[in-house]
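Colleague: structure of the sequence below:
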Amino acid sequence: MGKPIFSDQESFSLAVYSMQNAFCDGAVTGFYLGANYMIDLIRQNMQNTTMCQDFIAPGTIRDLPDEDYQLNENVPFVFEYSEEGILASIPELQIFGEGDTLEEAYKNLQLELLDIADDIYDVPDSDLGENPLSWKKILHRILRKSK
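Modeller: Below you'll find the model as predicted:
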């Protein structure tokens with residue numbers, strides 16, 4: 001095992017917090033580059049630590065890659081690193097985007113959000129089960145159809 005990149009959990013958390021601020025300030029490219037570099041360093045140097053196994057960082061969806069829907073509010077989500085890759089999730093909606101990079105997982109999560117919106121946004125409430133009905137209420141709160 002190589003030498004640790006972060007000497008303690010506090011410095012690791014500070015690095016994640018700094019990347020989150022860059023992302024929230026609109027420096028998306030800088031965030032992705034920094035985060036991917038940090039994950040690569042963690043993979044190389046901390047393979048046998050629990051810190052590497054459960055890398056979690058918060059993020060926010062601020063826009064969608066589809067003109068049919070517009071966000072009413074920013075949507076919080078979580079990045080998680082595992083041995084299989086990177087997972088981005090919106091726990092409130094139980095949706096996930098996977099990828100080999102943070103950017104790929106983020107884009108796939110945006111697409112999943114659009115897919116669930118297309119599937120249930122206009123379905124009558126009486127035709128939905130308990131979970132889909134709660135997701136529909138959340139979707140109506142966080143986004144709207146443009147057309």
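Colleague: alpha carbons of stretch 86-104, as CSV, please.
Modeller: Extracted C-alpha coordinates of stretch 86-104, given in CSV (Å, rounded to 0.1, in the frame of the first residue of the first chain):
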residue,chain,number,x,y,z
ILE,A,86,-19.2,5.7,-9.1
LEU,A,87,-22.8,5.9,-8.2
ALA,A,88,-24.8,9.1,-8.1
SER,A,89,-28.2,8.9,-6.4
ILE,A,90,-31.2,11.0,-5.4
PRO,A,91,-32.3,8.9,-2.3
GLU,A,92,-35.6,10.8,-2.1
LEU,A,93,-36.6,9.5,-5.5
GLN,A,94,-34.7,6.2,-5.3
ILE,A,95,-33.0,6.8,-8.6
PHE,A,96,-29.4,6.2,-9.6
GLY,A,97,-26.8,7.0,-12.2
GLU,A,98,-23.7,4.9,-12.6
GLY,A,99,-20.4,5.6,-14.4
ASP,A,100,-16.7,5.2,-14.4
THR,A,101,-16.3,9.0,-13.8
LEU,A,102,-18.1,11.5,-11.7
GLU,A,103,-19.3,13.3,-14.8
GLU,A,104,-20.7,10.1,-16.4
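Colleague: residues contacting it, please?
Modeller: Among residues not part of stretch 86-104, those counted as contacts by Cβ atoms under 8 Å, 6 or more residues apart in numbering are 31-32, 35-36, 39, 59, 61, 75-81, 84-85, 105-113, 116, 131, 135, 138-139. For every residue, glycine as well, the C-beta is placed using N, CA and C.
Colleague: now do the buried residues in it.
Modeller: For stretch 86-104, a neighbour-count test (16 or more other Cβ atoms under 10 Å) marks 86-90, 93, 95-99, 102-104 as buried.
Colleague: report the contact partners of Asn74.
Modeller: Taking Cβ under 8 Å, 6+ apart as the criterion, Asn74 is in contact with Thr60, Ile61, Arg62.
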